[in-house]
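1. The amino acid sequence is not available; the structure is as follows:
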């Protein structure tokens, strides 16, 4: 069986999301003591333990929350009287640090035309890991888009079979049409992506949304889409459009407003 440290190295290598819970202090009678660890994966599975029972259930829930908001937590539990809301009856106290393990943000660019190339360049400059997915192999190469980290020349409905999408993934759809969007989006909308934006006019998005409804995609998932994509800055060139798109991505990532800071 792999150790927690081996698992952490694997998680980092694969750019996955997880949470590490460590008992940093304990007093009195407790099921586990200082430095005991539990690694929680994105699917809820665990490696290691912080004591089992109600205590571990609460720590597990906090770990899942940490993966969602990318915030670490310092928790304190009393193990004395469950009728008063305590996490056990052992009689001691336990302090646990839950650390969110999140990779650098990933920008998944679906479509690699003129705007796609500009978005890839800007996203890479901003520190994103950049992945390119294209169903036209000649557009999905290091020669065509040198600013990406990985290239996936795959059919639009196989993207999620090739790429692990998590809460640190931001998806920009810069494809050639609504019909292509409607092929790729059902699986993407069912993922944990933090952001999904679709390039094009309102009319194009309405056409894509109609196709998605015909294919049984729930309305709640369709509502996740940002389209037309980007912030309104009257962008025209591919480079200007890329700035508009990445500005919206950063706004979502940092919970900004997009408003001018001029008072």
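-> Perfect, I can see it now. Computed from a predicted structure; not experimentally measured.

2. Please name the nearest non-neighbouring residue to residue 128.
-> residue 107 (4.1 Å; C-beta to C-beta, 6 or more residues apart in numbering). C-beta coordinates here come from the backbone N, C-alpha and C atoms, glycine included.

3. so where is this structure shaky, pLDDT-wise?
-> Applying pLDDT under 70 to the chain picks out residues 28-33, 79-91, 263.

4. cutoff 50 now
-> Scanning the chain for pLDDT under 50 picks out 81, 84-86.

5. What are the boundaries of the helices in it?
-> If DSSP state H is used as the criterion, the helices of the chain fall at 4-13, 53-69, 114-125, 159-162, 178-189, 202-214, 219-222, 238-253.

6. Which residues does the second one contact?
-> Helix 53-69 is touched from outside by 17-19, 21, 31, 38, 40, 42, 44, 46, 49-50, 72-73, 75, 77, 79, 82, 87-88, 94, 96, 98-100, 102, 167, with contacts defined as C-beta atoms under 8 Å, 6 or more residues apart in numbering.

7. again, 7 Å this time
-> Contacts to helix 53-69, defined as C-beta atoms under 7 Å, 6 or more residues apart in numbering, come from residues 17-19, 21, 31, 38, 40, 42, 44, 46, 49-50, 72-73, 75, 77, 79, 87-88, 94, 96, 98, 100, 167.

8. which of those residues are buried?
-> Using 16 or more other C-beta atoms under 10 Å as the burial test, these include 17-19, 21, 31, 38, 40, 42, 46, 49-50, 73, 75, 77, 79, 87-88, 94, 96, 98, 100, 167 as buried.

9. shouldn't residue 122 be in contact with residue 246?
-> Yes. Taking contacts as C-beta atoms under 7 Å, residue 122 lies within contact range of residue 246: 5.1 Å.

10. more neighbours, those two?
-> A count of neighbours by other C-beta atoms under 10 Å puts residue 246 above the other of residue 122 and residue 246, at 23 against 20.

11. which non-adjacent residue is nearest the residue sitting nearest the centre point of the chain?
-> What sits nearest the mean C-alpha location of the chain, by C-alpha atoms, centre = their mean, is residue 167, with 1.6 Å. Leaving aside its chain neighbours, residue 167 sits nearest to residue 192 (5.1 Å; criterion: C-beta to C-beta, 6+ apart).

12. Go ahead and confirm that neighbour touches residue 168.
-> No. The criterion here is C-beta under 7 Å, and residue 192 misses it with residue 168 at 9.1 Å.

13. Overlap in contacts, these two.
-> Common neighbours of residue 192 and residue 168 (C-beta under 7 Å, 6+ apart) do not exist.

14. Tell me which of those two has more neighbours.
-> Higher neighbour count among residue 192 and residue 168: residue 168, with 21 against 14, using other C-beta under 10 Å.

15. contacting residues for the more buried one?
-> Counting by C-beta under 7 Å, 6+ apart, residue 168 has contacts 17, 102-103, 105-106, 194.
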